[in-house]
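> Structure for the following, please:
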Amino acid sequence: MKFKIKVHPNSSQEKIEEIDKNYLEVWIKEKPVNNKANIKIIKILKNYFGKGIKIKSGFTSRNKIIEVSE
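Numbering: from 1, shown residues only. Predicted structure coming up:
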């Protein structure tokens, strides 16, 4: 299953908000430096879904497409 996500890096909090069935907004504390934000996104979403996560596109963008393993 694929999801579109919008990332808010360097936030004061960490949370996930479901906007639509296939659209999430994710707030993380990490800065988008040296891939730290992408690693944190994968970690948070893995806990949220309880399944494996892959970033399919948007590695350097705030708007990403992720795939959840089934």
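
> Tell me which residue is most central in the protein.
The structure's the chain has its C-alpha centroid closest to residue 41; by C-alpha atoms, centre = their mean the separation is 4.0 Å.

> Now do the helix or strand hosting residue 56: everything it contacts.
Assessed by DSSP states H and E, residue 56 sits inside strand 53-57. Residues from elsewhere that reach strand 53-57 (C-beta atoms under 8 Å, 6 or more residues apart in numbering): 2, 38, 41, 42, 45, 46, 64, 65, 66, 67, 68, 69. C-beta here means a position set from N, CA and C on the backbone, and glycine is covered the same way.

> change it to 7 Å
By C-beta atoms under 7 Å, 6 or more residues apart in numbering, the surrounding residues in contact with strand 53-57 are 2, 38, 42, 45, 46, 64, 65, 66, 67, 68.

> so residue 9 makes contact with residue 30?
Yes: shown here, residue 9 and residue 30 form a contact pair, counting by C-beta atoms under 7 Å, at 6.2 Å.

> overlap in contacts of the two?
Residues within reach of residue 9 and of residue 30 at once, by C-beta under 7 Å, 6+ apart, are residue 37.

> So in terms of bridging, what pairs with the closest residue to residue 5 other than its chain neighbours?
For residue 5, ignoring the flanking residues on the chain, the nearest one in space by C-beta to C-beta, 6 or more residues apart in numbering is residue 24 at 4.7 Å. Note on residue 24: beta-bridge partners by DSSP bridges are residue 5, residue 18.
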